[in-house]
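[1] sequence-free structure coming up:
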């Protein structure tokens with residue numbers, strides 16, 4: 001998609017100049033976890049529910065914050081107990097907050113707010129792009145179509161006196177000044193997470209987890225649209241090419257990770273077309289021929305998990321291509337009955353994917369973490385594959 005030239009413009013709003021609290025003072029002996037909580041992005045099978053369903057920071061919104069609750073459960077029931085960690089930083093993308101938890105302090109249970117100041121995400125910015133009938137608009141009422149988050153859309157609408165509840169947005173007009181709208185929204189970005197990694201003292205980060213949806217290219221934190229390869233202003237999600245940025249290339253970014261650090265990517269990596277064209281035929285081919293093995297290896301080599309493991313020299317645990325995730329104790333999964341999954345977080349859907357995981361284990365040679373946080377199935381753990389560093 002061609003992007004119109006970026007036009008210079010002055011802001012339509014003035015961002016509040018609130019004194020920012022200091023950055024977290026992480027001692028060099030800390031055992032730290034960094035946790036990213038994604039939002040429940042609207043999907044067709046979810047009826048296109050809005051992630052929040054309530055005003056920012058309202059009690060009503062708490063009912064639809066699956067990944068925020070999972071992230072808190074991980075901190076309280078694993079990191080500060082069996083995991084042996086003593087500090088955690090949680091990025092709450094929905095509310096635009098960064099919370100620090102310190103074991104044994106007043107912040108252990110609820111956390112304390114950290115800089116930088118960010119705004120909550122706005123539900124109305126989730127839109128369906130409709131290019132049918134010779135139009136190119138972002139629909140206010142998408143029906144059964146899946147939606148993505150268009151950063152700064154409400155800022156644009158305010159400048160045009162549009163009603164976000166009912167007015168469609170002509171995308172060409174919106175894109176003509178897209179940098180302006182993105183900068184004015186000032187919500188959390190994946191860059192904030194990477195910057196925190198860059199600032200951590202060497203070897204203090206023992207676990208990094210992304211809780212949410214996921215695809216091969218990386219965790220889906222917000223389900224944003226990337227309009228330009230040169231800019232991540234709109235893109236709040238993880239991508240393979242993130243590791244070419246100056247922050248990720250910094251020595252501090254790589255040295256933050258302890259020697260035994262775990263990188264956990266949760267959720268799915270389910271591409272039905274790829275599964276039908278590549279994985280399904282490969283599972284039926286006995287013995288597996290070189291062309292299909294190469295196709296499987298190529299899919300593994302181009303994942304975000306492999307890129308992260310390669311970049312920092314630490315193992316990443318992630319869903320394998322073609323596998324679907326499930327929430328512990330919530331999603332129906334007959335294959336998970338009797339498994340010890342504690343704390344209740346997420347696992348790969350064994351009822352749908354056990355044969356797929358066995359194929360990766362027995363034919364491709366993928367190993368699965370089965371101890372500690374990943375304890376579960378006797379030979380598959382929680383079903384997340386291990387991407388070792390080179």
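    Happy to help now that I have it. Computed from a predicted model, the values in this text were never measured in an experiment.

[2] what does the longest helix along the chain contact?
    Taking DSSP state H as the criterion, the chain has its longest helix at helix 290-301. Helix 290-301 has contacts (C-beta atoms under 8 Å, 6 or more residues apart in numbering) with 216, 274, 278-279, 281-282, 285, 306, 320-321, 364, 366, 387. From N, CA and C alone the C-beta is placed, and that goes for glycine too.

[3] Any of the residues you listed buried? List them.
    Among these, those classed as buried by 16 or more other C-beta atoms under 10 Å are 216, 274, 278, 279, 282, 306, 320, 321, 366, 387.

[4] if we can go back for a sec, roughly how far is the longest helix of the chain from the heart of the chain?
    25 Å (C-alpha atoms, centre = their mean, to the nearest Å).

[5] And stretch 96-116, by the same measure?
    Using C-alpha atoms, centre = their mean, the offset of stretch 96-116 from its chain centre is 20 Å.

[6] How about that stretch, which residues are buried there?
    When neighbours are counted by 16+ other C-beta under 10 Å, the buried residues of stretch 96-116 are found to be 96, 97, 98, 99, 100, 101, 102, 103, 107, 108, 111, 114.

[7] Spatially nearest residue to residue 260 (excluding sequence neighbours)?
    Sequence neighbours aside, residue 206 is the residue nearest to residue 260 in space, at 6.9 Å (criterion: C-beta to C-beta, 6 or more residues apart in numbering).

[8] Actually, residue 40.
    Excluding its sequence neighbours, the residue lying closest to residue 40 (C-beta to C-beta, 6+ apart) is residue 51, at 4.8 Å.

[9] hang on, residue 70 in a strand?
    No: per DSSP: H, G, I helix; E, B strand; the rest coil, residue 70 lies outside any strand segment and is helix.

[10] Of all the helices and strands in the protein, which has the lowest average confidence?
    Using mean pLDDT, DSSP states H and E, the weakest-scoring helix or strand in the chain turns out to be helix 178-185, at a mean of 86.

[11] so what does that one touch, helix or strand wise?
    Using 3 or more C-beta pairs under 8 Å, 6 or more residues apart in numbering; DSSP states H and E, the elements in contact with helix 178-185 are helix 153-159.

[12] returning to what we had before: so the residue nearest to residue 260 sits in a strand?
    Yes: applying three-state DSSP, one finds residue 206 inside a strand.

[13] In contact with it: list those residues for me.
    31, 32, 33, 83, 85, 258, 260, 261, 262.

[14] Give me the phi and psi angles of the last one.
    Listed backbone geometry of residue 262 is phi -110, psi 130, with angles given as degrees, to the nearest 10.

[15] what's the spacing between the residue nearest to it when sequence neighbours are not counted and residue 83?
    Once flanking residues are discounted, residue 262 sits nearest to residue 207: 4.9 Å by C-beta to C-beta, 6+ apart. Going from residue 207 to residue 83 by C-beta to C-beta, to the nearest Å gives 7 Å.

[16] So if I had to pick from those two, which one is more boxed in?
    Shown here are residue 207 and residue 83; by other C-beta atoms under 10 Å, residue 207 has more neighbours (24 against 20).

[17] beta partners for that one?
    residue 33, residue 262 (DSSP bridges).

[18] quick one, strands of the stretch 51-200 of the chain?
    87-92, 97-102, 112-114, 126-130, 137-139, 148-149, 169-170 (DSSP state E, counting those that start in this stretch).

[19] Please identify which of those is closest to residue 243.
    Each of those has some distance to residue 243 by C-beta to C-beta; the shortest is strand 87-92, at 18.5 Å.

[20] Now do that closest one: which elements does it pack against?
    strand 32-37, helix 66-74, strand 97-102, helix 190-199.

[21] In a markdown table: these, plus distance to residue 352 and mean pLDDT.
    Shown next, in a markdown table, are those (distance: least, C-beta to C-beta, whole Å; pLDDT from 0 to 100):
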| stretch | distance to residue 352 | mean pLDDT |
| --- | --- | --- |
| strand 32-37 | 25 | 98 |
| helix 66-74 | 19 | 95 |
| strand 97-102 | 34 | 94 |
| helix 190-199 | 29 | 92 |
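
[22] TSV for the ones you listed, including distance to residue 354?
    TSV is the format used below for the helices and strands packed on strand 87-92 (distance: least, C-beta to C-beta, whole Å):
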stretch	distance to residue 354
strand 32-37	28
helix 66-74	23
strand 97-102	35
helix 190-199	32
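
[23] between the ones you listed, which gets nearest to residue 333?
    Of all those, it is helix 66-74 that lies closest to residue 333, at 15.8 Å by C-beta to C-beta.

[24] how far is the closest one from where the chain is centred?
    13 Å.

[25] thought residue 76 was touching residue 109?
    Yes: the criterion here is C-beta atoms under 8 Å, and residue 76 meets it with residue 109 at 7.1 Å.

[26] Next, work out how far apart residue 319 and residue 192 are.
    Taking C-beta to C-beta, one finds residue 319 at 24 Å from residue 192.

[27] Looking at these two, which is more packed in?
    Using other C-beta under 10 Å, the more surrounded residue of residue 319 and residue 192 is residue 319, with 29 against 18.

[28] For the more buried one, give me its contacts.
    Going by C-beta under 8 Å, 6+ apart, residue 319 touches 214, 265, 266, 267, 268, 269, 270, 325, 348, 383, 384, 385.

[29] ok, back up a step: what's the next helix or strand after the longest helix of the chain in contact with?
    Next helix or strand after helix 290-301 toward the C-terminus (DSSP states H and E): helix 304-312. By C-beta under 8 Å, 6+ apart, the residues outside helix 304-312 that reach it are 216-219, 238-240, 243, 248, 253-254, 257, 261, 263, 265, 300, 315-318, 387-390.

[30] If we use 6 Å, what do you get?
    For helix 304-312, contacts defined as C-beta atoms under 6 Å, 6 or more residues apart in numbering pick out 217-218, 238, 240, 243, 254, 257, 263, 265, 315-316, 318, 387, 389-390.

[31] Show me what the mean pLDDT comes to for that helix.
    The pLDDT scores in helix 304-312 average 96.
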